[in-house]
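1. Let me see the structure of the following:
(chains A and B)
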Protein chains: 2
Amino acid sequence: MRMGNQTFMFEKPPYIIGASSVVGPKEAEGNFGEYFDLRLNDDAFGEKSYEKAECKMQKTAMESAVDRAELKFGDIDAILSGDISNQIAASSFAARGHDAVFLGLYGACATFGEAAILGGMLIAGGFMNRVVCASSSHFSSAERQYRYPLELGNQRPPSSQWTVSAAGAVVLSVNGGGPKITGGTLGKIVDFGVTDVNNMGAAMAPAAAECIYAHFAEAKRTPGYYDLILTGDLGKYGHGLARKLLKEKGLGMPPSFNDCGAMIFKEEQEAFQGGSGAGCCGAVFSGYIYKRMKEKKLNRVLIVPTGALLSKTSSEQGESIPGIAHAFSVEN
Amino acid sequence: MRMGNQTFMFEKPPYIIGASSVVGPKEAEGNFGEYFDLRLNDDAFGEKSYEKAECKMQKTAMESAVDRAELKFGDIDAILSGDISNQIAASSFAARGHDAVFLGLYGACATFGEAAILGGMLIAGGFMNRVVCASSSHFSSAERQYRYPLELGNQRPPSSQWTVSAAGAVVLSVNGGGPKITGGTLGKIVDFGVTDVNNMGAAMAPAAAECIYAHFAEAKRTPGYYDLILTGDLGKYGHGLARKLLKEKGLGMPPSFNDCGAMIFKEEQEAFQGGSGAGCCGAVFSGYIYKRMKEKKLNRVLIVPTGALLSKTSSEQGESIPGIAHAFSVEN
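-> Model (predicted):
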């Protein structure tokens, strides 16, 4: 059911019947370590390149999510996935070899939200029965693609975040049990003119605020409806900014408002503002949140993956950083 | 209505109520020149970089399509778009500034098909009323991103294709008149192990054949049903290969089976195997096909955009080129 320009509530909400997360060693040592399904000792995952490692992480997360849903991959109608590597190669190569339709998505680090909402629509609309939604990122492939060769050992400014090496995947199904995607709010591009590529949180915060504000206005809910409201990877500074922007719009957010990126690492891990990357929200949801919901420790959650729609070229050519966010609600 | 694992027919097909195409000078001199809506004399479109030019081309095509649909952009619920630049920056920046939901897609040069089918599903599923679907590519931004600096003046092998500088956009609507998207067949990734980045047609042909074969098997139609069946940008060699693969599967294709890339340039334009790029199929459909359908010169068309899911990095790391194709049927 359409609730406004951006918000949809599913009359027959799809079930999340399986989820899995794969993380690198640094993420395994972070705050959610025990909740991740596969914790790697080697962030190359036995592969010859970090790009291949990321691909294998996403492929493993998808296959493990399907396995946990007690299905075979042949039961899956479509893969909806994306990542932040050029041409979303990690996702395309992870999907290769599976006998399912492939729908590649790009919403930067908001991709997991785009996948979950579109996947939910394909099921709720009667077009598909079971889909896999996935996203990933890898610190080492992202660093050398977006910034500098790792070997340079560049200093990181205090405003920076740490791209997580992680993949998350969920299986959505027209029938089953467990947590359901009950609806979502798709986001618009918001650009406040931030040009500092070492301060993505600030660039994404206005889009997060826009999407969250639209969600509550259109879904006619209040923040208290949810046990937890999590943005994707704004980091500490960006998340504070989103809270401030929402307050200015008249929406005071409760202490249950937090950020996957701000939460994933421990203070002593020196990730500064926190984690980032398309895999951050995907892995935190598929690892931590999903398990807490299965245990009924959490019952109503709003997940708001956030993305910065820049490329290395766009920034080199002086463009500011457009932000986007998509929110989806998961309920027991 | 679901017709099989990959094929869907819409019970209430969305109308294509507006379309527009913007092309560079070389494309304007090609076989469809007179059909394109805006023909540029300057492939930089007055911008300081080719990347900004591509973005402006896509933005112009979208705005012009909305204008031709006799709507304002504020009437549009969502933009579904993509391109082959890193992080689909051309599309993200083209969508920026419009008050509509943004769903970034990446299916390489098959993106226009992914956008049209997903857009159709969002409307047919009752989630949206009006969406814009768009794709673009630019010769000069693609060359320097995927291959070599233009200044090197590298020789092009006879198996190569010429990335078109073009953008195409359509407006889909729940009500209206004119040609309708009646259904589609979403594609799976097919990889025959081709590694030659100068022979994309060969890499994509097996995926095109898989999608077309699935379409006819699942939709229970024969190739004679359509006035025209067009693959996206296989080029001459790749298209011949797709025809051969389909014949081997027992599906003889009629002379109405052709390829946007093979058709867009004249022989003397030295594009070798023909045009390519995410804008190729988008502009040929939005420019030529749509107008021929409005004139009732064509009444039933199957469009099969084709994509090569490689990145520069994946090829440098020795990976083969996975192909994908998505087919959608447009009928008066």
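2. tell me which element residue A:330 is part of?
-> For residue A:330, the element it lies in under DSSP states H and E is strand A:327-331.
3. residues contacting the nearest residue to residue A:2 once chain neighbours are set aside?
-> Setting aside the residues directly before and after it, residue A:2 is nearest to residue A:8 in space (C-beta to C-beta, 6 or more residues apart in numbering or on different chains), at 5.9 Å. C-betas here are computed from N, CA, C, even on glycine. The contact partners of residue A:8, by C-beta atoms under 8 Å, 6 or more residues apart in numbering or on different chains, come to A:1, A:2, A:117, A:121, A:183, A:184, A:185, A:186, B:127.
4. pretty sure the second one is touching residue B:126, no?
-> Spelled out, that is residue A:2. Yes: taking contacts as C-beta atoms under 8 Å, residue A:2 lies within contact range of residue B:126: 7.1 Å.
5. tell me the secondary structure for the residue nearest to residue A:2?
-> Following DSSP: H, G, I helix; E, B strand; the rest coil, we place residue A:8 in the strand state.
6. try the one 5 residues further on
-> Using three-state DSSP as the criterion, the local structure at residue A:13 reads coil.
7. Give the burial count for the residue in the stretch 101-250 of chain A positioned nearest to chain B, as a bare number.
-> Nearest residue of the stretch 101-250 of chain A to chain B (C-beta to the nearest C-beta) works out as residue A:125 at 2.8 Å. The number of residues packed near residue A:125 is 18, by other C-beta atoms under 10 Å in any protein chain shown.
8. cool, and residue A:224?
-> That count, for residue A:224 with other C-beta under 10 Å as the rule, works out to 10.
9. and if you look at residue A:49?
-> Summarising burial for residue A:49: neighbours were counted as other C-beta under 10 Å, giving 18.
10. Now it. Nearest residue, chain neighbours left out?
-> With sequence-adjacent residues excluded and distances taken as C-beta to C-beta, 6+ apart, residue A:49 is closest to residue B:317, at 5.4 Å.
11. Backbone torsions only: list them for the one you found.
-> Recorded main-chain torsions at residue B:317 are phi -90, psi 10, according to degrees, to the nearest 10.
12. wait, isn't it in contact with residue A:52?
-> Yes: taking contact to mean C-beta under 8 Å, the distance of 6.8 Å between residue B:317 and residue A:52 places them in contact.
13. Quick check on those two: which one has the bigger neighbour count.
-> Looking at residue B:317 and residue A:52 with other C-beta under 10 Å, you find the greater number of neighbours at residue A:52, namely 23 against 14.
14. Mind jotting down where the helices sit in the stretch 151-300 of chain A?
-> With DSSP state H, counting those that start in this stretch as the definition, the stretch 151-300 of chain A shows helices at residue ranges A:200-219, A:235-248, A:260-264, A:278-284, A:290-294.
15. Nearest to residue B:146 among the ones you listed would be which one?
-> When those are ranked by proximity to residue B:146, the top entry is helix A:278-284, at 22.3 Å, counting by C-beta to C-beta.
16. Can you name the residues of the stretch 151-300 of chain A that neighbour chain B?
-> The interface of the stretch 151-300 of chain A toward chain B, taken as C-beta under 8 Å from any C-beta of the partner chain, is made up of A:186, A:187, A:188, A:189, A:191.
17. Taking the centroid of chain A, which residue is nearest it?
-> When chain A is reduced to its mean C-alpha position, the nearest residue by C-alpha atoms, centre = their mean turns out to be residue A:281, at 3.3 Å.
18. per-residue pLDDT, it?
-> If you check residue A:281, the pLDDT there is 98.
19. And for residue A:144?
-> Turning to residue A:144, the model gives it a pLDDT of 93.
20. Give me the distance between it and residue A:198.
-> Between residue A:144 and residue A:198 the distance is 16 Å, computed by C-beta to C-beta, to the nearest Å.
21. One more: residue A:71?
-> Here the distance between residue A:71 and residue A:198 works out to 42 Å (C-beta to C-beta).
22. pLDDT below threshold where in the stretch 151-300 of chain A?
-> Along the stretch 151-300 of chain A, no part satisfies pLDDT under 70.
23. I meant to write the stretch 1-150 of chain A there.
-> Counting by pLDDT under 70, the stretch 1-150 of chain A has no low-confidence residues at all.
24. Show me where it has its strands.
-> A:7-9, A:15-23, A:38-39, A:78-83, A:101-104, A:130-137 (DSSP state E, counting those that start in this stretch).
25. Give me whichever of the ones you listed is most buried.
-> Across the strands of the stretch 1-150 of chain A, averaging neighbours per residue (mean count of other C-beta atoms under 10 Å in any protein chain shown) puts strand A:130-137 on top, at a mean of 32.
26. Now do that strand against strand A:15-23, angle only.
-> Comparing the axes of strand A:130-137 and strand A:15-23 via axes from the mean of the first three to the mean of the last three C-alpha atoms, to 10 degrees yields an angle of 30 degrees.
27. What sits closest to residue A:108 if chain neighbours are left out?
-> If the residues on either side of it in the chain are set aside, residue A:108 comes closest to residue A:307, at 3.1 Å by C-beta to C-beta, 6+ apart.
28. How about the contacts made by that neighbour?
-> Contacts of residue A:307 were listed using C-beta under 8 Å, 6+ apart, and they are A:107, A:108, A:109, A:110, A:111, A:204, A:207, A:232, A:278, A:323, A:324, A:325.
29. what number of residues lie near the second one?
-> Counted with other C-beta under 10 Å, residues neighbouring residue A:108 total 33.
30. wouldn't it be in contact with residue B:89 here?
-> No: because the distance of 10.4 Å does not satisfy C-beta under 8 Å, residue A:108 is recorded as not touching residue B:89.
31. joint contacts of those two?
-> Residues touching both residue A:108 and residue B:89 comprise A:309, A:310, with contact defined as C-beta under 8 Å, 6+ apart.
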